[in-house]
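> Build me a model:
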Amino acid sequence: MYRHILIASDGSELAGKGLDAGLALAAALGARATLVTVSDPWQAMMAAEPSAVALGAEVREEQRREHRAQAQAVIDDAHARAARAGVALDAIYVPERLPDEAILETADGCGADLIVMASHGRRGLQKLLLGSQTQSVLTRGRLPVLVVR
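Below is the predicted model of the structure:
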């Protein structure tokens, strides 16, 4: 069946459910597991203000440090959960990318044959305003996706 499962997580409580489900499936199948966590691209808040260039660079570097620290916390938690599940877990952090694109590229790059991720199941205006990374992975990807709620 599945030999290499890519599990996407942003560290949220809901993503933790997806992580646990992916790890349980990997354990049951004897599959490899890889975690991917992604930080959003830099948003130049003050791009039109020339006097803010130096401050913008400082803020951007601070944001990068914060994102790396958050990603490391997600990875550390995932490794602890994987150890409890008896699954060896590789972890990949993709900085400053759109999550759906990073998930799909990582899946291709690591040779995954299944993607596991969580979804809030939002509908209507809330979905339109907030977007759906899961929906984008489902519609743009070529691999099966296990969606956990």
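> alpha carbons only for contacts and neighbour counts from here, please
Noted.
> Doesn't Val36 lie inside a strand?
Yes: under DSSP: H, G, I helix; E, B strand; the rest coil, Val36 falls within a strand.
> So it is in contact with Ile5, correct?
No: using C-alpha atoms under 8 Å, Val36 is not in contact with Ile5; the gap is 10.6 Å.
> low-scoring stretches of the protein, by residue?
Along the chain, the model assigns pLDDT under 70 to residues 44-55, 121-131.
> Can you show me the helices along it?
Along the chain, the segments classed as helices by DSSP state H run 13-29, 53-85, 99-110, 124-130, 133-140.
> Identify the residues contacting Ile92.
Thr34, Leu35, Val36, Thr37 (C-alpha atoms under 8 Å, 6 or more residues apart in numbering).
> do you know how far the second one is from Leu143?
Taking C-alpha to C-alpha, to the nearest Å as the criterion, Leu35 is separated from Leu143 by 16 Å.
> what does Glu62 give?
From Glu62 to Leu143 the distance is 36 Å (C-alpha to C-alpha).
> ok, now Gln72?
Going from Gln72 to Leu143 by C-alpha to C-alpha gives 27 Å.
> sorry, back to before: more neighbours: which of Glu62 and Leu143?
When Glu62 and Leu143 are compared for neighbours, Leu143 comes out ahead with 16 against 12, by other C-alpha atoms under 10 Å.
> ok, the more buried one to Leu14 distance?
From Leu143 to Leu14 the distance is 22 Å (C-alpha to C-alpha).
> neighbour count winner among Val36 and Ile5?
Each of Val36 and Ile5 has its neighbours counted (other C-alpha under 10 Å); Ile5 has more, 26 against 23.
> Just give the nearest non-adjacent residue to Val137, would you?
Nearest non-adjacent residue to Val137, counting by C-alpha to C-alpha, 6 or more residues apart in numbering: Asp100, 5.6 Å away.
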